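> what's the 3D shape of this:
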Amino acid sequence: MAALAYFVTTLRAKFEDSEKGATAVEYGLMVALIAVAIIGTVTALGGQLNALFTEITAAL
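Residues are numbered from 1 along each chain as shown. Down below sits the predicted model:
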């Protein structure tokens, strides 16, 4: 009976650790996708924003 309890405890610990690892990977992927979106947006709008700020600076 003790061996069965040990087996169940070990099995539960393995699955709990793998869930934590999967969660970390998911958060890492989300951060990477957000970073790519920000870089893409800044790259696409960077020239327009620079022109806008130059115009505002000249007006002041």
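
> which parts of this structure are helices?
2-59 (DSSP state H).

> center of it - which residue?
Nearest to the mean C-alpha position of the chain, counting by Cα atoms, centre = their mean, stands Val31 at 1.8 Å.

> and that residue, how far from Ala58?
38 Å (Cβ to Cβ, to the nearest Å). Bear in mind the C-beta positions are built from the backbone N, C-alpha and C, glycine included.

> distance of the residue nearest to the centre of the chain relative to Thr9?
34 Å.

> poorly predicted segments of the chain, please.
Filtered on pLDDT under 70, the chain yields the residue ranges 1, 4, 11, 14-22.

> let's see that with 80 instead.
Judged by pLDDT under 80, the chain has its weakly predicted residues at 1-23.

> Ala3 and Ala13, how far apart?
Taking Cβ to Cβ as the measure, Ala3 falls 16 Å from Ala13.

> so between the two, which is more surrounded?
Ala13 (10 against 7; other Cβ atoms under 10 Å).

> contact partners for the more buried one?
Residues near Ala13 by Cβ atoms under 8 Å, 6 or more residues apart in numbering: none.

> how close does it get to Ala24?
17 Å.

> could you do Gly47 as well?
Noted for Gly47: a distance of 37 Å to Ala24, by Cβ to Cβ.

> one more: Val31?
Here Val31 is placed at a distance of 11 Å from Ala24 (Cβ to Cβ).

> likewise for Leu45?
Counting by Cβ to Cβ - Leu45 and Ala24 are separated by 32 Å.

> now do Ala44
From Ala44 to Ala24 the distance is 31 Å (Cβ to Cβ).

> Phe7 now?
If you go by Cβ to Cβ, the gap between Phe7 and Ala24 works out to 27 Å.

> same thing with Ala3?
Separation of Ala3 from Ala24 (Cβ to Cβ) stands at 32 Å.

> Ile34 too?
Counting by Cβ to Cβ, the gap from Ile34 to Ala24 is 16 Å.
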